[in-house]
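K.L.:
Provided below are the primary sequence and the corresponding predicted coordinates.
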Amino acid sequence: MIKETIELNVRYAETDQMGFVYYGNYAQYLEMARVAALKKIGISYKSLEETGFLLPVSHYSINYLKAAKYDDCLSISALIRTMPTNKVVFEYEVYRGEDLLATAETTLVFMNEEGKACRPPTFFIAQLNPFFS
């Protein structure tokens, strides 16, 4: 399993008229945690794209449990629990201190330059192997 956690403070511009984090901003928070998880194992989106692979999101779901507000310090964890095939599934947890605010999941599909689904590059699997052995 791979797990990486980032922390961020909610900016005023990320809140709505009610003072809560606008729901659409969670997708950006999750992406930040996902990128950090990949960097932790030595993979970047840029390196994937430079070798001709794309990794678009094909599925996104989120469960909001409690509201985050301006200046809250959030901890966002991204987890990969299973070895990717032609897709990679990330699970997320968003906390404010001990309070679980949201859980989410994204599925990203490996695509070649022609936009067709494909297997992940060998260097991607090689980087992940130590975490799933």
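P.N.:
Perfect, I can see it now.
K.L.:
residue 87 versus the residue nearest the centre of the chain, what's the distance?
P.N.:
Nearest to the geometric centre of the chain sits residue 34, at 2.8 Å (CA atoms, centre = their mean). Distance from residue 34 to residue 87, counting by CB to CB, to the nearest Å: 13 Å. C-betas here are computed from N, CA, C, even on glycine.
K.L.:
now swap in residue 26 and tell me
P.N.:
Taking CB to CB as the measure, residue 26 falls 21 Å from residue 87.
K.L.:
more crowded one of these two?
P.N.:
Shown here are residue 26 and residue 87; by other CB atoms under 10 Å, residue 26 has more neighbours (22 against 14).
K.L.:
got the contact list for that one?
P.N.:
Taking CB atoms under 8 Å, 6 or more residues apart in numbering, we find residue 26 in contact with 62, 64, 94, 102, 104.
K.L.:
residue 11 now?
P.N.:
residue 70 are the contacts of residue 11 under CB under 8 Å, 6+ apart.
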